[in-house]
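# no sequence on this one, just coordinates:
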Ligand SMILES: *Cc1c(COP(=O)(O)O)cnc(C)c1O
């Protein structure tokens, strides 16, 4: 990339992927478009590790959060909250009239299976919402272990997982882990322009949806399923983005999922090792560290905005901390198209800049 952006979305999109969006439109109820739509679903299943349906939705990730709470619970939702993205989901549930309760820990910490077991032992919930990779803090929650505990303690509770900033950069096995609904959106780890969400929904979750009144229309899983089987979507889909998705899924599968996970993991390790050598602690405790973004605690003398001015001369950009963590942390997003060589360029720029500030 001419100017790699180490920001957690929208991320850089490869030029040939961008160009797919310039293709001529097709009628959306045509055999030609349906073929593209269906093969996008088939390829998506591979990155979700699922045999279930994947809905390709014209909306960002927050729309998929809304779809899950509207379809999967009549009333009672348990939201695991450890940062801004997971708190968004709680807000979305409440805004949709659900009775949402929180398991909440401070930003920078993770949700443990024990916390979930305790909450589920105290009350019953139709749905639990978990963000896999909390993009505001670089904390990766142990979704597999949490799902295990939900299955044991409260088998009827559906499990919905937001993997917006991690799916395709970290292994998340929907079927094997027993996740009922799992989604991502286009502009983060998938390295596409913003505007699409991919949401995989299993049979159990579809059955639940049928029993929930007032699912709305735009996000109704039952209606989406009817059209998915017939002719793509009930509404007009974002066709140009789907052309880009079709192409990008081929690129992702050509890289190989294991290679892709290993690339992200290696960049996380390198960032961790670099921060460790500086004596700058990571925000996330060990065992809860993201594979797609590393959030570093910096001394007060480090000014991320000033460093970004320096980086602009080198055509790079870094993300400041989120919300209250701005100025105290910075976020190295190493997801999507970012390669180790890009990361090395960023770290070299740090090593050049910091001594000029006496750091
Ligand atoms: C960015 C993000 C969202 C919000 O997604 P939009 O596509 O901006 O609506 C939700 N969850 C996570 C984990 C995110 O990183």
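On my side now, so go ahead. Note that the structure is a prediction, hence the values are computed from the model and not measured.

# For residue 106, give its distance to residue 324.
To residue 324, residue 106 is 10 Å away according to Cβ to Cβ, to the nearest Å. Every residue, glycine included, has its C-beta placed from N, CA and C.

# Between those two, tell me which one has more neighbours.
A count of neighbours by other Cβ atoms under 10 Å puts residue 324 above the other of residue 106 and residue 324, at 11 against 8.

# what does this protein have sitting close to the ligand?
Taking Cβ under 6 Å from any ligand atom as the contact definition, the chain meets the ligand at 9, 60-62, 85, 88, 131, 133, 135, 162, 164-165, 185, 188.

# do that again at 8 Å, thanks
Proximity of the chain to the ligand, by Cβ under 8 Å from any ligand atom, involves residues 8-9, 59-65, 85-86, 88-89, 131-136, 162-166, 185-188, 194, 197.

# Inside helices: which ones of the residues you listed?
Per DSSP state H, helices hold the following members of these: 61, 62, 63, 64, 65, 85, 86, 88, 89.

# mind listing the helices for the stretch 151-300 of the chain?
174-177, 203-211, 221-230, 239-255, 257-278 (DSSP state H, counting those that start in this stretch).

# Could you dump those into JSON lines and include mean neighbour count and mean pLDDT?
Formatted as JSON lines, the helices of the stretch 151-300 of the chain follow (neighbours: other Cβ atoms under 10 Å; pLDDT from 0 to 100):
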{"stretch": "helix 174-177", "mean neighbour count": "18", "mean pLDDT": "98"}
{"stretch": "helix 203-211", "mean neighbour count": "16", "mean pLDDT": "98"}
{"stretch": "helix 221-230", "mean neighbour count": "16", "mean pLDDT": "94"}
{"stretch": "helix 239-255", "mean neighbour count": "19", "mean pLDDT": "98"}
{"stretch": "helix 257-278", "mean neighbour count": "17", "mean pLDDT": "98"}
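
# buried set for the helix or strand where residue 341 lies?
Secondary structure from DSSP states H and E places residue 341 in helix 340-353. Under the neighbour-count criterion of 16 or more other Cβ atoms under 10 Å, helix 340-353 has 342, 343, 345, 346, 347, 349, 350, 353 buried.

# Put together TSV for the helices of the stretch 151-300 of the chain, with distance to residue 30 on each row.
Output for these, formatted as TSV (distance: least, Cβ to Cβ, whole Å):
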stretch	distance to residue 30
helix 174-177	30
helix 203-211	27
helix 221-230	13
helix 239-255	11
helix 257-278	31
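
# Which one, of these, ends up nearest to residue 289?
Evaluated over the helices of the stretch 151-300 of the chain, closeness to residue 289 peaks at helix 257-278, with 6.7 Å, by Cβ to Cβ.

# where exactly do the strands run in the stretch 101-250 of the chain?
With strands called from DSSP state E, counting those that start in this stretch, the stretch 101-250 of the chain shows them at 127-131, 133-134, 139-140, 158-162, 181-185, 197-201.

# which of the ones in helices among the residues of the chain next to the ligand sit farthest apart?
Among these, 63 and 86 lie farthest apart (Cβ to Cβ), at 16.4 Å.

# And these two? Which one has more around it.
Shown here are residue 63 and residue 86; by other Cβ under 10 Å, residue 86 has more neighbours (30 against 19).

# now that one: how far from residue 130?
In terms of Cβ to Cβ, residue 86 sits 8 Å off from residue 130.

# So what pairs up with the residue of the stretch 201-350 of the chain found nearest the ligand in the strands?
Closest residue of the stretch 201-350 of the chain to the ligand, Cβ to the nearest ligand atom: residue 293 (9.0 Å). Residues in a beta bridge with residue 293, per DSSP bridges, are residue 333.

# Quick one: neighbours of it, just the number.
A count of nearby residues for residue 293, using other Cβ under 10 Å, gives 34.
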